[in-house]
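Undergrad: Pasted the sequence and its predicted model underneath.
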Amino acid sequence: AQKVTQAQTEISVVEKEDVTLDCVYETRDTTYYLFWYKQPPSGELVFLIRRNSFDEQNEISGRYSWNFQKSTSSFNFTITASQVVDSAVYFCALSEGIYSGAGSYQLTFGKGTKLSVIP
Amino acid sequence: KAGVTQTPRYLIKTRGQQVTLSCSPISGHRSVSWYQQTPGQGLQFLFEYFSETQRNKGNFPGRFSGRQFSNSRSEMNVSTLELGDSALYLCASSGGQSEAFFGQGTRLTVV
């Protein structure tokens, strides 16, 4: 069975600090997809990144970067020079199964990490 | 391109009633999935529809059901509402090689 663990329940940082959100996953499939979503107080889940199990390249998008390591089953998310607007709950999610490659997902979410960026 | 639209945004129902929630996916997306979010259980997968067929189902009682229409719009229904069904219900659409995009959700309160 698939499982996603986000051990950090809440994190507080001062603006401009860097912060890393941890995500550890469990799956028996060799083909799977990993996601990060941001949920601001409005409630909508905002897509941040999708990574498939065959692509271990790290990715950087502006102040955001992701480190995918299959050897440790981790997919960590780093925000550089955090800003107040980054305050939200961040979810890591996993989708496995034969349909995931065709854009058909059954997401298993972690419990989320609430990030508070203090000005 | 319009995003995923969920209606209504807020609902208050009485225990024992039934409720229907609606989700219009992004144009061209054929997969619609539903999730329940509660403070205690977090985000949990309810079911997924693809081309009008339920493809996957989560571990929820039969009171939770859904369907998808030929235009990919989806509805989910909860019968005999219980207080524990109070939650934010989120719908996601995806298709082809796209990511899963979520709507703003329907917040259901059962009193």
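TA: Good, I have the coordinates. Residues are numbered from 1 along each chain as shown, chains lettered A, B, ... in the order given.

Undergrad: what's the helix or strand where A:Lys114 lies in contact with?
TA: Following DSSP states H and E, one finds A:Lys114 within strand A:113-118. Here strand A:113-118 makes contact (Cβ atoms under 8 Å, 6 or more residues apart in numbering or on different chains) with A:6, A:8-15, A:19, A:21-22, A:79, A:82-90. In short, each C-beta sits where N, CA and C put it, glycine included.

Undergrad: how about low-confidence regions in chain A?
TA: Under the criterion pLDDT under 70, the flagged ranges of chain A are A:98-102.

Undergrad: near chain B, which residues of it show up?
TA: By the rule Cβ under 8 Å from any Cβ of the partner chain, the part of chain A lying against chain B is A:35, A:37, A:42-47, A:50, A:91, A:93, A:95, A:97, A:99, A:102-112.

Undergrad: one more time with 6 Å
TA: Selection of chain A residues close to chain B by Cβ under 6 Å from any Cβ of the partner chain yields A:43-45, A:47, A:50, A:103-106, A:109, A:111.

Undergrad: contacting residues for residue 65?
TA: I'll assume chain A. When the contact criterion is Cβ atoms under 6 Å, 6 or more residues apart in numbering or on different chains, the partners of A:Ser65 are A:Thr78.

Undergrad: you looked at the wrong chain, it should be chain B
TA: B:Asn77.

Undergrad: ok, it to chain A distance?
TA: Counting by Cβ to the nearest Cβ, to the nearest Å, the gap from B:Ser65 to chain A is 17 Å.

Undergrad: who's that residue bridged to?
TA: Per DSSP bridges, the residues bridged to B:Ser65 are B:Asn77.

Undergrad: On the pLDDT front, check it for me.
TA: Predicted confidence (pLDDT) for B:Ser65: 97.

Undergrad: now swap in B:Ala92 and tell me
TA: For B:Ala92, the predicted pLDDT is 94.

Undergrad: Return the residues in contact with it.
TA: Here B:Ala92 is in contact with B:33, B:100, B:102 (criterion: Cβ under 6 Å, 6+ apart).

Undergrad: Type out the ChimeraX command that picks the buried ones from the contacts of strand A:113-118.
TA: Buried subset of those, written as a ChimeraX selection, criterion 16 or more other Cβ atoms under 10 Å in any protein chain shown:
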select /A:6,8,11,13,19,21,22,79,82,86,87,88,89,90
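
Undergrad: Show me the contacts of strand A:113-118 that map onto strands.
TA: Counted as lying in strands by DSSP state E, out of the contacts of strand A:113-118, are A:10-14, A:19, A:21, A:79, A:88-90.

Undergrad: I'd like the distance between the closest residue to A:Tyr105 other than its chain neighbours and A:Thr30.
TA: Leaving out its chain neighbours, the residue that sits closest to A:Tyr105 by Cβ to Cβ, 6 or more residues apart in numbering or on different chains is A:Ser95, at 4.1 Å. From A:Ser95 across to A:Thr30, the span is 14 Å (Cβ to Cβ, to the nearest Å).

Undergrad: the more surrounded of these two?
TA: A:Ser95 (27 against 9; other Cβ atoms under 10 Å in any protein chain shown).

Undergrad: doesn't the more buried one fall inside a strand?
TA: Yes - A:Ser95: assigned to a strand according to DSSP: H, G, I helix; E, B strand; the rest coil.

Undergrad: what sits opposite it in the beta ladder?
TA: A:Tyr33.

Undergrad: Farthest-apart pair in the ones in strands among the contacts of strand A:113-118, please.
TA: Largest separation among those by Cβ to Cβ: A:Val14 and A:Val89, giving 19.1 Å.

Undergrad: before we move on, the earlier item: of the residues of chain A next to chain B, which count as buried by neighbour count?
TA: A:43-45, A:50, A:103-106, A:109, A:111.
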